[in-house]
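Visitor: Model the following, please.
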Amino acid sequence: MKIVLDTNIVIDAIASRAPFDKEAQEVVVLATCGAILSAITASTASDIYYLTRKYYRSAEKTAAVLHRLFELVDVIAVDKSDCLGAFDTRMADYEDSLLAVCALKWNAELIITRNIKDFAHSPVPAITPSEFLKRYNTASLTP
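Guide: Model (predicted):
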């Protein structure tokens with residue numbers, strides 16, 4: 001199974017943001033075990049860097065965390081056609097639309113996010129970490 005992680009899920013996992021951290025961390029653990037293939041977009045990576053740097057207040061710690069993240073997830077390139085294509089969705093938020101367009105390009109089956117209402121018109125279905133963990137058990141997931 002291929003999933004794309006929204007920024008909020010990665011930050012919830014990294015920063016242990018209660019009450020969202022446990023489920024986000026479970027999703028990330030599935031990615032580390034090879035049960036699922038997961039990705040973030042290149043633009044999401046820069047957002048994660050900014051927010052993680054703010055959280056840790058250390059460039060070195062942030063770099064170490066992101067290096068580890070990049071070992072666990074793929075990074076989907078964002079190009080001009082993706083940026084233009086994001087305007088063609090019926091999604092109100094450009095950043096979410098760009099993530100959805102990139103998820104479609106990567107042939108993702110799902111987007112994992114806490115903001116599913118923002119992905120109502122996404123070309124790739126979006127679900128919360130809680131829904132994902134309820135619907136899919138690790139035995140049924142294959143890389």
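Visitor: Mind listing what's buried along stretch 79-89?
Guide: 82, 85-86, 89 (16 or more other CB atoms under 10 Å). To be clear about C-beta, it is placed using only N, CA and C from the backbone, and glycine gets the same treatment.
Visitor: Give me the subset of those residues that lies in strands.
Guide: Among those, no member falls in strands (DSSP state E).
Visitor: Narrow those to those in helices?
Guide: Per DSSP state H, helices hold the following members of these: 82, 85.
Visitor: Endpoint to endpoint, stretch 23-42 covers what distance?
Guide: Its start and end residues considered, stretch 23-42 measures 23 Å (CA to CA, to the nearest Å).
Visitor: make that stretch 29-37, sorry
Guide: Stretch 29-37: ends 11 Å apart by CA to CA.
Visitor: List the buried residues for it?
Guide: 30-31, 35-37.
Visitor: And the next helix or strand past the least confident helix or strand in the chain by mean pLDDT?
Guide: Each helix and strand of the chain was given a mean pLDDT (mean pLDDT, DSSP states H and E); the minimum falls on helix 21-32 at a mean of 87. Per DSSP states H and E, helix 21-32 leads on to strand 37-41 as the next helix or strand towards the C-terminus.
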